[in-house]
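Chemist: Kindly return the folded structure for what I paste below:
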Amino acid sequence: MWDKMHKTIILLLLTIFLSQTIINAQTNVSLAPTVGARLSIGLDKKIVKGFHVSLSEEIRLDNNFCKFDRFHTTLALSYKVNPYFKFGTGYALINSYSSSNKAFKGARHRLMVDVIGSFRTGNWKFSLKERFQMTHYSGTMNEYQKARNTLMLKSRFTVKYYFSKKYSLYTYVEMRNYMNAPVIVAAYNGTNYLTTDDYSEKGETGWFLKGFNGGYINRLRGALGTEININKHNTINAYFLGDFVNDKVVDANSKGTKLKSYTRERGFVGWIGFEYEFSF
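Modeler: Sure, this is the predicted structure:
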């Protein structure tokens, strides 16, 4: 009797595993690993004790350094309350380039609010940074695929070791939570979302956009870097960032009557970064 029960349980587990494997094979899209570069130059101005304003310009190269991706211009303010807490806010103008259209896309406008807690003991420093950001997409876009104003919460935990006043090594892990992803209701046959005309028209048996209240973790990141303080005015930061992508992608027509696909894109992007900052 026990042998029969064991066989039944094992068969049931294998059935669940195989069915999940089939579902994942149909709904997941594996992205080829790529490497890119992030090159940044910035200015940091001390206004009064603890209060700073900064301006930076970043250029990103994507697709194994073969494609220009974007300009990233950021203006930020920060205030260090005490050795343990710092608050900040900022605005970023993002101009992305479409290599297929040979033109810049509609600009993105991003607002950010930061809360940073840190603690130092000896040569070690530990910090936790929480960033809430809203990104507004200007220009023409399909609002059945993505909200015009996307909301993200980024959590970063950093460990830094100071070899001296000039040289330090750090590592961090970061999680990005998509807070208003599109939620759809679609016909599903047990292995994939049906996208033929019989099932993709709006209605009770087809699909519809339920709203933009879905939440999930769409990025997991890890980095290893070094910071060199050449003197009190000049700082260099070099790092390697591993970006694990986990995006839910809705592809629908602009009228919202046809669902072309609903997939989850997963992959890895490596970034080699170099930053220079002048403080005064």
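Chemist: nearest residue to Asp173 other than its sequence neighbours?
Modeler: For the record, residue 173 is Val, not Asp. Counting by Cβ to Cβ, 6 or more residues apart in numbering, Gly222 is the residue found nearest to Val173 once chain neighbours are left out, at 5.1 Å. Just so you know, the C-beta spots here come from the backbone N, C-alpha and C atoms, and that holds for glycine as well.
Chemist: same deal with Asn28?
Modeler: Nearest residue to Asn28, sequence neighbours excluded (Cβ to Cβ, 6+ apart): Arg264, at 5.1 Å.
Chemist: same check, this time on Asn95
Modeler: Among residues not flanking Asn95 along the chain, Phe71 sits closest, at 4.5 Å (Cβ to Cβ, 6+ apart).
Chemist: In which helix or strand does the one you found reside?
Modeler: Assigned by DSSP states H and E, Phe71 falls within strand 67-82.
Chemist: related to what we said a few turns ago, count residues in the vicinity of the residue nearest to Val173, would you?
Modeler: Gly222: 13 surrounding residues under other Cβ atoms under 10 Å.
Chemist: wait, what's in contact with Glu227?
Modeler: Residues in contact with Glu227 (Cβ atoms under 8 Å, 6 or more residues apart in numbering) are Lys160, Tyr167, Ser168, Leu169, Tyr170, Thr235, Ile236, Asn237.
Chemist: need the next SSE after the helix or strand hosting it, C-terminal direction.
Modeler: Using DSSP H and E, the element containing Glu227 is strand 208-229. Beyond strand 208-229 on the C-terminal side, the first helix or strand identified by DSSP H and E is strand 234-252.
Chemist: secondary structure class for the nearest residue to Ser254 once chain neighbours are set aside?
Modeler: Nearest residue to Ser254, sequence neighbours excluded (Cβ to Cβ, 6+ apart): Asn142, at 5.2 Å. Assigned with DSSP: H, G, I helix; E, B strand; the rest coil, Asn142 falls in the coil class.
Chemist: pLDDT wise, what is Asn142 at?
Modeler: Per-residue pLDDT puts Asn142 at 91.
Chemist: Could you do Trp2 as well?
Modeler: So, for Trp2, pLDDT stands at 44.
Chemist: Please apply the same query to Trp271.
Modeler: 97.
Chemist: List the buried residues for stretch 127-143?
Modeler: For stretch 127-143, the buried set under the neighbour-count rule, 16 or more other Cβ atoms under 10 Å, comprises Ser127, Lys129, Arg131, Gln133, Thr135, Tyr137.
Chemist: Look up the residues forming beta bridges with Asp62.
Modeler: Lys67 (DSSP bridges).
Chemist: Quick check: it touching Asp69?
Modeler: Yes - using Cβ atoms under 8 Å, Asp62 is in contact with Asp69, at 4.0 Å.
Chemist: okay, and the common contacts of these two?
Modeler: What both Asp62 and Asp69 touch, as defined by Cβ under 8 Å, 6+ apart, is the set Gly36.
Chemist: Have a look at the two and say which one is more surrounded.
Modeler: Applying other Cβ under 10 Å to Asp62 and Asp69 shows that Asp62 carries more neighbours, namely 20 against 16.
Chemist: What's the separation between the more buried one and Gly270?
Modeler: 11 Å (Cβ to Cβ, to the nearest Å).
Chemist: same thing with Tyr91?
Modeler: The spacing between Tyr91 and Gly270, counted by Cβ to Cβ, is 28 Å.
Chemist: Strands of the stretch 1-150 of the chain, residue ranges please.
Modeler: 28-30, 34-48, 51-62, 67-82, 85-98, 103-104, 108-121, 124-137, 149-162 (DSSP state E, counting those that start in this stretch).
Chemist: got a list of contacts for the fifth one?
Modeler: Meaning strand 85-98. For strand 85-98, the external contacting residues (Cβ under 8 Å, 6+ apart) are 68-81, 103-105, 107-118, 135.
Chemist: do the same with the fourth one
Modeler: When contacts are taken as Cβ under 8 Å, 6+ apart, the neighbours of strand 67-82 outside the stretch itself are 36, 40, 50-62, 86-97, 99, 112, 114.
Chemist: What sits closest to the residue positioned nearest the centre of the chain if chain neighbours are left out?
Modeler: By Cα atoms, centre = their mean, the chain has its centre lying nearest to Arg219, at 4.7 Å. Among residues not flanking Arg219 along the chain, Arg176 sits closest, at 3.7 Å (Cβ to Cβ, 6+ apart).
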